[in-house]
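[1] pasting the structure only:
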């Protein structure tokens, strides 16, 4: 979707009002995951997630089996929106459900780094640091940057997010320094990589805000 793509670019540049205007006319369903993910990420970046929670619940009430693990990705977004809205109990329930739905798929697809990365995020949300970090590392091993420079960094972004949330600032900063120096396809159901502007806005990086190294990254010029 062209509007969603333009909105994702605006988000990456830190222009949330422009992104909101571009997304306003869109009403994507689960079969347009890029547009839906961009819309939900917008609400999270604005820290006003309440409007997207009912929409995600509605979609997930009748999940499309054809979407496979993408339903779990939507459930992660639901939990994240609930967490940012202050409803931690609901967020934990969403993540528990997502984890139970996706863990059986991992037995069938043990090398699926997208699936492994999603499970890392669920365990992060549930506070299981050891599992979240181990899964992040497993995702990176399944699709190393050296093998795939475009999507390989996706798993490194997952590690950066997990490390930031799980009290491992050194690992998070090292991963972010690498990510900001290379072009890649982004994670979080959006097509944009992390940028300094997104570091300033994304609530997942709040635990790093007082770290001078993070402040330097967030103030750096965007990679062209």
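    That came through, no problem. The structure displayed is predicted, hence computed values, not measured ones.

[2] which one is residue 84 nearest to, not counting chain neighbours?
    Leaving out its chain neighbours, the residue that sits closest to residue 84 by Cβ to Cβ, 6 or more residues apart in numbering is residue 49, at 4.7 Å. No exception for glycine: its C-beta is placed from N, CA and C like everyone else's.

[3] ok, the residue nearest to residue 13 when sequence neighbours are not counted - contacts?
    For residue 13, ignoring the flanking residues on the chain, the nearest one in space by Cβ to Cβ, 6+ apart is residue 197 at 5.7 Å. Counting by Cβ atoms under 8 Å, 6 or more residues apart in numbering, residue 197 touches 11-14, 222.

[4] check which helix or strand covers the residue nearest to residue 153 when sequence neighbours are not counted.
    In space, and not counting its chain neighbours, residue 153 is closest to residue 184: 3.7 Å by Cβ to Cβ, 6+ apart. Using DSSP states H and E, residue 184 maps to neither a helix nor a strand.

[5] Residue 184 contacts residue 148, correct?
    No - with contact defined as Cβ atoms under 8 Å, residue 184 does not reach residue 148; the gap is 9.3 Å.

[6] Between these two, which is the more surrounded one?
    residue 184 (21 against 15; other Cβ atoms under 10 Å).

[7] what's the pLDDT at that one?
    Here, the pLDDT recorded for residue 184 equals 83.

[8] One more: residue 73?
    For residue 73, pLDDT reads 86.

[9] neighbours around it, how many?
    With other Cβ under 10 Å as criterion, residue 73 counts 25.

[10] For it, give its distance to residue 158.
    The gap separating residue 73 from residue 158 is 12 Å, by Cβ to Cβ, to the nearest Å.

[11] Output the longest helix belonging to this protein.
    Taking DSSP state H as the criterion, the chain has its longest helix at helix 88-108.

[12] distance between that helix and the chain's centre?
    Between the centre of helix 88-108 and the centre of its chain there are 15 Å (Cα atoms, centre = their mean, to the nearest Å).
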